[in-house]
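**Student:** okay, predicted coordinates and the sequence, questions at the end:
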Amino acid sequence: METAAELLQQADRQHQKRDRAQAVVLYRQALQRDPALFEAWYGLGCALAGQGAHAAAAEALRQAVALRPDAAGARCNLAEALFQLGEVDAAVAEYRQACGSGDPEVAAVASAALACIAPGAADLDNAAVLGLRRCWIATVGRGIRPMPPATIQTGRKLRVGYVSAFFGDRNWMKPVWGLINRHDRARFEIHLLSDGSDPSSASGYIDHPDDRIWQVDGVSNAELARHVRQAGLDVLVDLNGYSRQGRLPLFLHRPAPRQIAWFNTYATTGMDAFDLLVGDAAVLPPEEETYYSERIARVPGSYLAFEVRYPVPEVGPPPILRNLYPTFGCLGSAYKLVPAVIAAWSLILRAVPEARLLLRNRTLDDASNRAALVARFDREGVPADRLTLLGAAEHFAFLRTYEQVDIALDTFPYNGGTTTSEALWQGVPVLGFNGDRWVARTSRSLLLAAGLDDWVAPDAAAYVETAIRLARQADLPARLAALRQGMRARLAASAACDSQALCHAMEAIYLARDVAGRGAQAGSFPPAEP
């Protein structure tokens, strides 16, 4: 009979070959021989996480950490599994412990993760987000010397570069292409710096012969900064935020005279390298600017004004007409399903016994993740038969899921952005509220711009009360049917889809004289007229 140590070696070999399924089998066999084998629990947790089985991975990694509390690497992996399940505050606690472990490599990983996930952690406020991000920036920026100041060249088109790893992702990039496609090419020369798939018509981009596409994946930040300076880009716009964290230090090199953050930056970057961060009046009140290292520019309407340029399903009738009961739903990522969200949704379901809740995301492909989510609702008094849990699907089929949803419930503190715009475009109203930070107001931005003010509650308690009240209204089926029927026309005529106005506002920001020289002083920036 093979020993636990022999089975562990076999499991590690399979893991290294990326045969995670066989590695899991062998790790479990090793643990049957020796349940106190730390390395097997650790390996099992990592292999399960690699399969997307985050709940099972968390159980294994908890065993590993219990056996060896000082194993900072295992604690970091446990934190990641918890984050993927929506246990964000628990993940923050684990990452904090890993930061203090004394292992510089692990501490760097934990610091980066904390900086990334901080805005979605309910227990962290704006000040904490700023502090964690400044801490990470101070570490990665060590040794980076900004280039000598450059000036914007006159007498030619303004050269604007957009930096993104997601130009090929049609679902995410609807606001970006709505803006870029409308740029005045007589005044602006557009450069697209891509760390991912090239822009294409399939993703929503309208090709222009004068545009320049840079494929920069694998190019270091220092080298890319040199190329940006040599190309004479006047304005460099980051579209990634912390979704492509490793590219953010590019801006610490200061390769362009004017550096602006927009689109996927829904909290401070913690960097003084950006001259402006672009938002709107709905997402950031002036009193919160003190928690931002950037100067704030506010565009009219929504800073996420979007345009749909790819095939989507037709809007169908609300399912309440055939079901005779309301179905709430959310197609947001599982890491947004934090305990406060589960608690709020459970209050709604307990108050409306006939209602159902549909959830769909990639994490729910895995049985252990589904079981963990069911258990979380069960602890809140909501049984499994009130839930419909669906996994990933091709995007067109994914959007058809809204045919099964009457009212979409927003997540918090990490709201939907793409999720909210897609729900609305498919005719499904989204219920949100005015949260306590930018990322908790992105849906508010879109809903107010769409003229759907009634769907924005003042706070979390009113959000729950509104959902319950709506579900109990006798005229809800007729109201939803009328709303869905006219939703796309309503959106198209509203600021939520006014990409032309957004483009004009952004071009004014790019051309304005009083932009650079942000320093450390926060302050509003009213866009100048072009």
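**Tutor:** Perfect, I can see it now. Numbering: from 1, shown residues only.
**Student:** can you give me the strands for the stretch 151-300 of the chain?
**Tutor:** 158-164, 188-194, 212-215, 235-238, 258-261, 276-279, 295-298 (DSSP state E, counting those that start in this stretch).
**Student:** quick check: which of those strands is nearest to A423?
**Tutor:** Smallest distance to A423 across those (C-beta to C-beta): 21.3 Å, for strand 276-279. From N, CA and C alone the C-beta is placed, and that goes for glycine too.
**Student:** contacting residues around that closest one?
**Tutor:** For strand 276-279, the surrounding residues in contact (C-beta atoms under 8 Å, 6 or more residues apart in numbering) are 260-263, 265, 268-269, 292, 294-299, 303, 438, 445, 506, 509, 515, 518, 525.
**Student:** equivalent analysis for stretch 153-160, please.
**Tutor:** With C-beta under 8 Å, 6+ apart as the test, stretch 153-160 has contacts from 152, 183, 185-191, 231-237, 510-511.
**Student:** least confident secondary structure element in this protein?
**Tutor:** Least confident helix or strand of the chain, by mean pLDDT, DSSP states H and E, is strand 524-525 with a mean of 50.
**Student:** before we move on, the earlier item: out of the contacts of stretch 153-160, which are buried?
**Tutor:** Using 16 or more other C-beta atoms under 10 Å as the burial test, the contacts of stretch 153-160 include 152, 183, 188-191, 231, 233-237, 510-511 as buried.
**Student:** of all those residues, which two lie farthest apart?
**Tutor:** A231 and L511 (19.1 Å).
**Student:** pLDDT wise, what is M1 at?
**Tutor:** pLDDT for M1: 84.
**Student:** let me fix that, I meant to ask about A118.
**Tutor:** The confidence metric pLDDT takes the value 98 at A118.
**Student:** surely it is in a helix?
**Tutor:** Yes: secondary structure of A118 (DSSP: H, G, I helix; E, B strand; the rest coil): part of a helix.
**Student:** which helix runs longest in the chain?
**Tutor:** helix 476-492 (DSSP state H).
**Student:** give me the contacts around the very next helix or strand once past it.
**Tutor:** On the C-terminal side of helix 476-492, the closest following helix or strand by DSSP states H and E is helix 499-511. The list of residues contacting helix 499-511 from outside it, by C-beta under 8 Å, 6+ apart, reads 158, 160, 175, 178-179, 181-184, 187-188, 234-235, 258, 260, 262, 276, 278, 297, 299-303, 305-307, 495, 515, 525, 527-530.
**Student:** emit the ChimeraX select command for whichever of these are buried.
**Tutor:** Listed next is the ChimeraX selection for buried residues among these, using 16+ other C-beta under 10 Å:
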select :158,160,175,178,179,181,182,183,188,234,235,258,260,262,276,278,297,299,300,301,302,303,305,306,307,495,515,525,527
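**Student:** any idea what L409 is bridged to?
**Tutor:** Per DSSP bridges, residues listed as beta-bridge partners of L409: L431.
**Student:** got a pLDDT number for it?
**Tutor:** With respect to pLDDT, L409 scores 99.
**Student:** how about P527?
**Tutor:** The confidence metric pLDDT takes the value 44 at P527.
**Student:** now the longest helix of the chain: buried residues?
**Tutor:** The neighbour-count check on helix 476-492 (16+ other C-beta under 10 Å) flags 476-477, 480, 483-484, 487-488, 490-491 as buried.
**Student:** now the terminal residues of stretch 397-415, how far apart.
**Tutor:** By C-alpha to C-alpha, to the nearest Å, the extent of stretch 397-415 from end to end equals 23 Å.
**Student:** and what of stretch 167-184?
**Tutor:** End-to-end distance for stretch 167-184: 20 Å, by C-alpha to C-alpha.
**Student:** please apply the same query to stretch 302-313.
**Tutor:** Note: stretch 302-313 ends 24 Å apart using C-alpha to C-alpha.
**Student:** same thing with stretch 162-173?
**Tutor:** Taking C-alpha to C-alpha, stretch 162-173 runs 12 Å from one end to the other.
**Student:** kindly report the same for stretch 356-370.
**Tutor:** Using C-alpha to C-alpha, the end-to-end distance of stretch 356-370 comes to 16 Å.
**Student:** which parts of it are buried?
**Tutor:** Buried-residue list, stretch 356-370, by 16+ other C-beta under 10 Å: 356-361, 363-364, 366, 368-370.
**Student:** could I get the pLDDT score of the residue nearest to V405 when sequence neighbours are not counted?
**Tutor:** Take V405 and drop its neighbours on the chain: the residue closest to it by C-beta to C-beta, 6 or more residues apart in numbering is G329, 3.4 Å away. We have a pLDDT of 98 for G329.
**Student:** give me the helices and strands touching the helix or strand hosting G329, please.
**Tutor:** Assigned by DSSP H and E, G329 belongs to strand 327-330. Under the contact criterion of 3 or more C-beta pairs under 8 Å, 6 or more residues apart in numbering; DSSP states H and E, strand 327-330 touches helix 339-351, strand 356-360, strand 407-409.
**Student:** now with 6 Å?
**Tutor:** strand 356-360, strand 407-409 (3 or more C-beta pairs under 6 Å, 6 or more residues apart in numbering; DSSP states H and E).
**Student:** next up, the contacts around A493.
**Tutor:** Listed by C-beta atoms under 6 Å, 6 or more residues apart in numbering, the contact set of A493 is empty.
**Student:** surely T363 meets R370?
**Tutor:** No: here T363 lies out of contact with R370, judged by C-beta atoms under 6 Å, at a distance of 8.7 Å.
**Student:** in contact with E354, which residues?
**Tutor:** By C-beta under 6 Å, 6+ apart, the contact set of E354 is Y325.
**Student:** that's a strand at it, yeah?
**Tutor:** No: under the criterion used here (three-state DSSP), E354 is coil, not part of a strand.
**Student:** enumerate the beta-bridge partners assigned to G161.
**Tutor:** Here G161, judged by DSSP bridges, has bridge partners H191, L236.
**Student:** just to revisit the earlier point, can you list the buried residues of stretch 356-370 in a markdown table and add pLDDT?
**Tutor:** Output for these, formatted as a markdown table (pLDDT from 0 to 100):
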| residue | pLDDT |
| --- | --- |
| R356 | 98 |
| L357 | 99 |
| L358 | 99 |
| L359 | 99 |
| R360 | 98 |
| N361 | 98 |
| T363 | 98 |
| L364 | 98 |
| D366 | 98 |
| S368 | 98 |
| N369 | 98 |
| R370 | 98 |
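**Student:** farthest pair in those?
**Tutor:** R356 and S368 (23.1 Å).
**Student:** among the helices and strands packed on strand 327-330, which is nearest R33?
**Tutor:** So among the helices and strands packed on strand 327-330, strand 356-360 is nearest, using C-beta to C-beta, at 38.8 Å.
**Student:** please name every helix or strand in contact with the closest one.
**Tutor:** Strand 356-360 packs on strand 327-330, strand 387-390, going by 3+ C-beta pairs under 6 Å, 6+ apart.
**Student:** what's the first helix or strand after the last one?
**Tutor:** Meaning strand 387-390. Following strand 387-390 toward the C-terminus (DSSP H and E): helix 395-400.
**Student:** flag every buried residue along that following helix.
**Tutor:** Buried-residue list, helix 395-400, by 16+ other C-beta under 10 Å: 398-400.
**Student:** need the contact list for A127.
**Tutor:** Y291 are the contacts of A127 under C-beta under 6 Å, 6+ apart.
**Student:** for my notes, confirm it occurs in a strand.
**Tutor:** No: A127: not assigned to a strand; according to three-state DSSP it is helix.
**Student:** hmm, who's touching stretch 175-186?
**Tutor:** By C-beta under 6 Å, 6+ apart, stretch 175-186 touches 190, 204-206, 208, 210, 263, 304, 306-307, 499-500, 502-503, 506.
**Student:** what about D70, distance to F38?
**Tutor:** 11 Å (C-beta to C-beta, to the nearest Å).
**Student:** how about A495?
**Tutor:** The spacing between A495 and F38, counted by C-beta to C-beta, is 56 Å.
**Student:** repeat that for H395.
**Tutor:** 42 Å.
**Student:** repeat that for R295.
**Tutor:** Distance of R295 to F38, given as C-beta to C-beta: 49 Å.
**Student:** domain parsing for the chain?
**Tutor:** Annotated domains of the chain cover 4-140, 158-305+501-525, 320-497 [automatic domain parsing].
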